[in-house]
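K.L.:
okay, predicted coordinates and the sequence, questions at the end:
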Amino acid sequence: MILDWEKLARSEVHPLRLQILELLMDGTPRSPLEMSKHFGLNLNTTGYHVVALRDAGLVTLVRTEPARGAVRHIYTVADTLTV
């Protein structure tokens, strides 16, 4: 995948959001929980930034999975972000 830097530059990207995008660029869909463990951050913090990226159209929800009474959301980089 190649990152569309122009689209990225037009969005106001928080440093953690850029790290999330870089992590997802390997093509492996991940949940906010997996990302928070990778970065050593709080799930709420990571989830907040993933939702902001989703709302900006930079990541896409791939699927949901049941997870101990909750729902795990799995994301990947949006097709519109790559060229």
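P.N.:
Nice, thanks for sending it over. Numbers count the residues shown, from 1 in each chain.

K.L.:
contacts and neighbour counts: CA atoms only from here.
P.N.:
OK.

K.L.:
enumerate every residue touching the residue most central in space within the chain.
P.N.:
Taking CA atoms, centre = their mean, the centroid of the chain lies closest to residue 50, which sits 4.6 Å from it. By CA atoms under 8 Å, 6 or more residues apart in numbering, the contact set of residue 50 is 17, 20, 32, 59.

K.L.:
excluding chain neighbours, what is closest to residue 54?
P.N.:
Closest residue to residue 54 apart from its sequence neighbours, by CA to CA, 6 or more residues apart in numbering: residue 60 at 6.0 Å.

K.L.:
neighbours of that neighbour, just the number please.
P.N.:
20 (other CA atoms under 10 Å).

K.L.:
starting from the longest helix anywhere in the chain, tell me the next helix or strand along the chain.
P.N.:
In the chain, with assignment by DSSP state H, the single longest helix is helix 43-55. Next helix or strand after helix 43-55 toward the C-terminus (DSSP states H and E): strand 59-67.

K.L.:
what helices or strands is the helix or strand following that next one leaning on?
P.N.:
Next along the chain after strand 59-67, taking DSSP H and E as the criterion, comes strand 70-77. Applying 3 or more CA pairs under 8 Å, 6 or more residues apart in numbering; DSSP states H and E, we find strand 70-77 packed against helix 15-24, strand 59-67.

K.L.:
how far does strand 70-77 sit from the chain's center?
P.N.:
In terms of CA atoms, centre = their mean, to the nearest Å, the centre of strand 70-77 is found 9 Å from the chain centre.

K.L.:
look at the residue located most distally from the centre of the chain and report its pLDDT.
P.N.:
Farthest-out residue of the chain from its mean C-alpha position, per CA atoms, centre = their mean: residue 69, at 22.5 Å. For residue 69, the model assigns a pLDDT of 91.

K.L.:
distance of it relative to residue 56?
P.N.:
Residue 69 sits at a distance of 28 Å from residue 56 (criterion: CA to CA, to the nearest Å).
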